[in-house]
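Novice: Provided below are the primary sequence and the corresponding predicted coordinates.
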Amino acid sequence: MASTFGAVQLAHEFLEKQVKKGDICIDCTAGRGNDTVFLCGLVGETGKVISLDIQIEAVESTKALAAANGFEDRCTVVLDSHENVDRYAEEGTVAAAVFNFGWLPGGDHNKHTQTASSLAAISKCLKLLKYGGVLSLSIYYGRETGFEEKDAILEYISSLPVREYTVIVSEFVNRPNCPPISVRIYKSDM
């Protein structure tokens, strides 16, 4: 059982403690829709989840999973880059945003998140967060992809102002082959 514990479980445990009924949340990398559906369950009938992805396969998977769980009324799934996340929510209104950097699970590893758009999306999400809001970043990298993005993200989040954000980085140090890195960012309550 312990060997199956991973970045998704860390992210979901973190989000479950932060997200409340009626909140607005964003899944910046929809993927197969698992985080979107998880967030829909947390925000309840009065909440809203916005889910983005640049791959039509991911958008279709996410819409299908949301529909299968009866969450179509509380979730909007759009074909767009996470770099444009600020088009879908107002500054200071988002309780939580989620990222899974890397490639679509079961998809083409040649299609993956890119450093420049990922950094822009993180920066925009930090502004979209309300005070007390959170970001969950799961950084997947390996083979020939993702190392530059991983390094750039870790450098960027390390420079966030300590008075405004608390950043926690968790690594699976006893796992081979570039295990994912889990990041939790808290925006201060000011």
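Specialist: Done, it's in. Numbers count the residues shown, from 1 in each chain.
Novice: show me what the strand ranked longest in the chain is packed against.
Specialist: If each strand of the chain is counted by residues according to DSSP state E, the longest one is strand 129-139. The criterion is 3 or more Cβ pairs under 8 Å, 6 or more residues apart in numbering; DSSP states H and E, and the helices and strands that strand 129-139 contacts are helix 7-18, strand 94-101, helix 115-128, helix 147-158, strand 181-187. C-beta here means a position set from N, CA and C on the backbone, and glycine is covered the same way.
Novice: tell me the strands beside the last one, with direction?
Specialist: To tie it back to what came earlier, the one meant is strand 181-187. strand 129-139 (antiparallel), strand 165-171 (antiparallel) (DSSP bridges).
Novice: out of those strands, which comes closest to Ala58?
Specialist: strand 129-139 (15.2 Å; Cβ to Cβ).
Novice: tell me the mean pLDDT over the closest one?
Specialist: Mean per-residue pLDDT for strand 129-139: 95.
Novice: over to stretch 8-27?
Specialist: Here the average pLDDT along stretch 8-27 is 95.
Novice: was I right to think Asp27 contacts Ala58?
Specialist: No. The pair formed by Asp27 and Ala58 falls short of the contact definition of Cβ atoms under 8 Å, at 10.3 Å.
Novice: number of residues surrounding Ser170?
Specialist: 13 (other Cβ atoms under 10 Å).
Novice: circling back to that earlier point, looking at the helices and strands packed on strand 129-139, which is closest to Ile168?
Specialist: strand 181-187 (4.7 Å).
Novice: chain center to the closest one: distance?
Specialist: 10 Å (Cα atoms, centre = their mean, to the nearest Å).
Novice: name the spans of the protein whose pLDDT lies under the cut-off.
Specialist: The model of the chain has pLDDT under 70 over residues 1-4, 103-110, 112, 143-145, 190.
Novice: picking that back up, in the longest strand of the chain, what's buried?
Specialist: 129-130, 133-139 (16 or more other Cβ atoms under 10 Å).
Novice: report the two of those residues separated the most.
Specialist: Lys130 and Ile139 (24.2 Å).
Novice: so if I had to pick from Asp27 and Ala58, which one is more boxed in?
Specialist: Neighbour comparison, Asp27 and Ala58: the larger count goes to Asp27, with 29 against 23 (by other Cβ under 10 Å).
Novice: partner residues bridging that one?
Specialist: Ser51, Val98.
Novice: show me what contacts it?
Specialist: With contacts defined as Cβ atoms under 8 Å, 6 or more residues apart in numbering, the neighbours of Asp27 are 35-36, 39, 49-52, 62, 97-98.
Novice: same thing but 10 Å
Specialist: Asp27 is in contact with 33-40, 49-53, 62, 75, 77, 82, 96-100, 136, counting by Cβ atoms under 10 Å, 6 or more residues apart in numbering.
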